[in-house]
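Starting from these lines, generate the structure:
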Amino acid sequence: MSAILKVIDKLKLNVSNIEDVPESFSSDVYKLTLARGENVFVKIPFNKDKLFREFQMLETLKEVLPVPNVLDIWYGDEDTTGALLLSAIQGMPCTGAIDEKLSYQIGMYHAMLHEVAAPGYGYHVTGGYRLLDHNDWRFYIQHNFAKWKEPSSEILDAKLHERCLLRFEELFSALPDPDGPCMVHMDFRPGNILTNGNEVAGIIDFESARGGSSEIDFTKVNRYIWEADPRTKQPFIEGYRSIRPMLNLENVLPFYNLYDAFSAVVWCKNRGIEKNQAFLQENLITLKNAVGN
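Below is the predicted model of the structure:
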């Protein structure tokens, strides 16, 4: 709570109420009611690169997608990473039933995001845009997986770990050439899609967004939307295709399902196994299914 009070002071806000926003896994997010009755949000990212990345992404996308407006930014001090003051979007996270119209719209907005070209394969950091080594998406994916091998071995049993490594090589070798570089969200899931009725009201949480290949961005859609209700898949694809061609999902979804879950296991280790136990168990099940266990 001390961090949000400091941010309120630094941004000179006159606040009548502070609410903690749940389900914010990486950053601290607060809903503030200002003295004049207006609701705004403050986001205090995990590190300064995430602060800068979200700011740059929201500025880039404000004429493209329904995203929050950046009302102010504080660049932090030696104790606090900084904060974004964001406008409130009139909508709720899309965690309920998704009908055909809404699924079509979600697909359309996802495609609009992927239509935004990136300067290269890379991401915004404090001070500019950092290209990936060799500006090579495949090298980046392979390098990430390699650095996760050791920490994941401390969580996964030996047999599952070995099967994950073998399955990665099998699926990686079958991937098509990547597209892009385009802007990818990296966490495009129902909790980050705000709706009003059966209309998309906004897209939020761009702190992990980057210039990449669109193929990585369907993993959460598949897990949390299509698998939850298979009837949503075709309308989503039709909405996406109304803006840009859809890649061959059958070639990439099995790979990124494994890659994402493997990454999540390491994330849980780094951020705390006990407090992220439910998320860890979800991803262990995904890994076991991915390797046919």
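
which residues of this protein fall in helices?
For the chain, the helices defined by DSSP state H occupy 2-10, 48-61, 100-114, 137-153, 158-172, 219-221, 233-241, 249-271, 277-290.

how close does Asn251 get to Ser208?
24 Å (CB to CB, to the nearest Å). C-beta coordinates here come from the backbone N, C-alpha and C atoms, glycine included.

And for Tyr30?
Taken as CB to CB, the span from Tyr30 to Ser208 is 20 Å.

next one: Asn283
Where Ser208 is concerned, Asn283 sits at a distance of 16 Å (CB to CB).

Mind checking which of the two has more residues around it?
Asn283 (22 against 15; other CB atoms under 10 Å).

The more buried one contacts Tyr259, correct?
No: the pair Asn283 / Tyr259 is not scored as a contact, 11.3 Å apart, by CB atoms under 8 Å.

Output stretch 68-76 as CSV - backbone C-alpha positions only.
Below are the C-alpha coordinates for stretch 68-76, written out as CSV (Å, rounded to 0.1, in the frame of the first residue of the first chain):
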residue,chain,number,x,y,z
PRO,A,68,-6.6,2.9,-22.1
ASN,A,69,-5.4,6.4,-22.5
VAL,A,70,-2.2,7.2,-20.6
LEU,A,71,-3.2,10.2,-18.5
ASP,A,72,0.2,10.6,-16.7
ILE,A,73,3.4,8.7,-16.0
TRP,A,74,5.8,8.8,-13.1
TYR,A,75,9.3,7.4,-13.8
GLY,A,76,9.9,6.2,-10.3
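
got a list of what the residue nearest to Ser208 when sequence neighbours are not counted touches?
The spatially closest residue to Ser208, leaving aside those adjacent along the chain, is Met186, at 4.1 Å (CB to CB, 6 or more residues apart in numbering). Contacts for Met186 (CB atoms under 8 Å, 6 or more residues apart in numbering) come out as 208-210, 212, 216-217.

Kindly recompute the last result at 10 Å.
Taking CB atoms under 10 Å, 6 or more residues apart in numbering, we find Met186 in contact with 123, 205-210, 212, 216-217, 219-220, 260.

hey, what's in contact with both of Asn283 and Tyr259?
Contacts common to Asn283 and Tyr259, judged by CB under 10 Å, 6+ apart, are Ala290.

Could you measure from the residue lying closest to Phe52 once chain neighbours are set aside over to Pro45?
Among residues not flanking Phe52 along the chain, Thr126 sits closest, at 4.8 Å (CB to CB, 6+ apart). Here Thr126 is placed at a distance of 11 Å from Pro45 (CB to CB).

Neighbour count: the two, which is higher?
Per other CB under 10 Å, whichever of Thr126 and Pro45 has more neighbours is Pro45, with 22 against 14.

quick one: that one and Tyr75 touch, right?
No: between Pro45 and Tyr75 there is no contact under CB atoms under 10 Å: 11.4 Å.

Give the residues shared as contacts by these two.
With CB under 10 Å, 6+ apart, Pro45 and Tyr75 have common neighbours 51-52, 55, 81-83.

By neighbours, which of those wins?
Ala83 (27 neighbours).

Next one: that one from Ser16, what distance?
For Ala83, the distance to Ser16 equals 19 Å [CB to CB].

Need the pLDDT of the spatially most central residue of the chain.
Nearest to the mean C-alpha position of the chain, counting by CA atoms, centre = their mean, stands Asp187 at 2.0 Å. What the model reports for Asp187 is a pLDDT of 95.

surely it meets Asp205?
Yes: using CB under 10 Å, Asp187 is in contact with Asp205, at 6.1 Å.
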